[in-house]
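sharing a model prediction with you, sequence too.
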Amino acid sequence: MRLSKLTKAYNELTDLEKKIVEYIINNPKMIQDSPASEIANILYVSKTSIINLSKKLGFEGYTELRYYVKDYLEQKEKSKEEQSYKGILDNIHTEVTKTISLQDEENINQIVKKIISSRIVYVVGRGASEPIASLLSSRLALLNIKAILIDDPNIIDVLGNSLSEDETIIVMSLSGETERILTIAKTARARSVDVIALTSFFNNTLQKIANYNMFCFADSTETKYNDLISRIGMHILVQILISYIEMTDKE
């Protein structure tokens, strides 16, 4: 069981609702043990906001949402193998499992269809995300999809002017606030070009611009001053896309 029910309509939520969902995803045990009033006090929102959000996400109310999270934690505990590694391995495990829990197959299917049907797919990444962008671009090419890696800052700056509606751009940014990435995403959307964003599950500018999003989990997204932050979650998103496209081709 995953928490995909909480994120399926994430792009349609208000900033306040996204804040509440992000807290639930990152603090499931707190949700399991706390009434709506306590969560409201922690987040400085009204109890009504939490109840209304629960209904908006498809639950009858906050109580049903709590049971959903409780069931998720119980299932996760049952399937977890006894661990002999701590520290670093625990952090990696958390990043992987939380990234997987954020995925929704219907969303992935829509993104894959868009990639396959595009005349050209441009893949853009900067900094530590650039090697991951290169990996995705090369694997798409192996799957007979015309993919072009854009890693030169100068090309990124001028690419938007040459985009056409039958093309798609995939942008990668853990923080979702990389200036050049945002610029190309805005330019693409202004030209009615679809933008697929691979970014972290935090409320950021990029996810608001893109019309397709895949989210990964990260403990921190402040990449401007600490670019040693793990990109394991981003790697998982890329592998999901590659595997799904390969599976689609075989059907």
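Everything's here; your move. Numbers count the residues shown, from 1 in each chain.

what's the average pLDDT for stretch 243-251?
For stretch 243-251, the mean pLDDT works out to 82.

domains in this protein, as residue ranges please.
What automatic domain parsing lists as the domains of the chain is 4-80, 105-250.

please identify which of those domains is closest to residue 98.
domain 105-250 (3.6 Å; CB to CB). C-beta coordinates here come from the backbone N, C-alpha and C atoms, glycine included.

quick one on the thing from earlier: for residue 93, find the nearest of the domains of the chain.
Closest among those, using CB to CB: domain 4-80, at 8.8 Å.

low-scoring stretches of the stretch 101-250 of the chain, by residue?
Along the stretch 101-250 of the chain, the model assigns pLDDT under 70 to residues 220-228, 249-250.

quick one: the helices in it?
Assigned by DSSP state H, counting those that start in this stretch, the helices in the stretch 101-250 of the chain fall at 105-117, 130-142, 153-159, 179-190, 205-209, 232-250.

now those helices in TSV, with distance to residue 64?
TSV is the format used below for the helices of the stretch 101-250 of the chain (distance: least, CB to CB, whole Å):
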stretch	distance to residue 64
helix 105-117	22
helix 130-142	37
helix 153-159	45
helix 179-190	36
helix 205-209	27
helix 232-250	28
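
now those in TSV, with mean neighbour count and distance to residue 48?
Converted to TSV, these look like this (neighbours: other CB atoms under 10 Å; distance: least, CB to CB, whole Å):
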stretch	mean neighbour count	distance to residue 48
helix 105-117	15	29
helix 130-142	18	41
helix 153-159	13	44
helix 179-190	19	34
helix 205-209	20	25
helix 232-250	17	33
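
which of these sits closest to residue 168?
helix 105-117 (5.8 Å).

before we move on, back to that, among the domains of the chain, which comes closest to residue 92?
Residue 92 sits nearest to domain 105-250 of all these, at 6.2 Å, using CB to CB.

apart from its neighbours in sequence, what residue is nearest the spatially most central residue of the chain?
Geometric centre of the chain, nearest residue: residue 215, 0.6 Å, by CA atoms, centre = their mean. Of all residues not flanking residue 215 in the chain, residue 201 sits nearest, at 4.1 Å (CB to CB, 6 or more residues apart in numbering).

quick one: the one you found and residue 22 touch, right?
Yes. Between residue 201 and residue 22 there is a contact under CB atoms under 8 Å: 6.7 Å.

and the two? which has more neighbours close in?
For residue 201 versus residue 22, the count of surrounding residues by other CB atoms under 10 Å is larger for residue 201: 26 against 17.

any idea how far the more buried one lies from residue 191?
Distance, residue 201 to residue 191, using CB to CB, to the nearest Å: 28 Å.

residue 32 now?
Following CB to CB, the distance that separates residue 32 from residue 191 is 46 Å.

find the nearest non-adjacent residue to residue 204, please.
Per CB to CB, 6+ apart, closest to residue 204 is residue 176, 2.7 Å.
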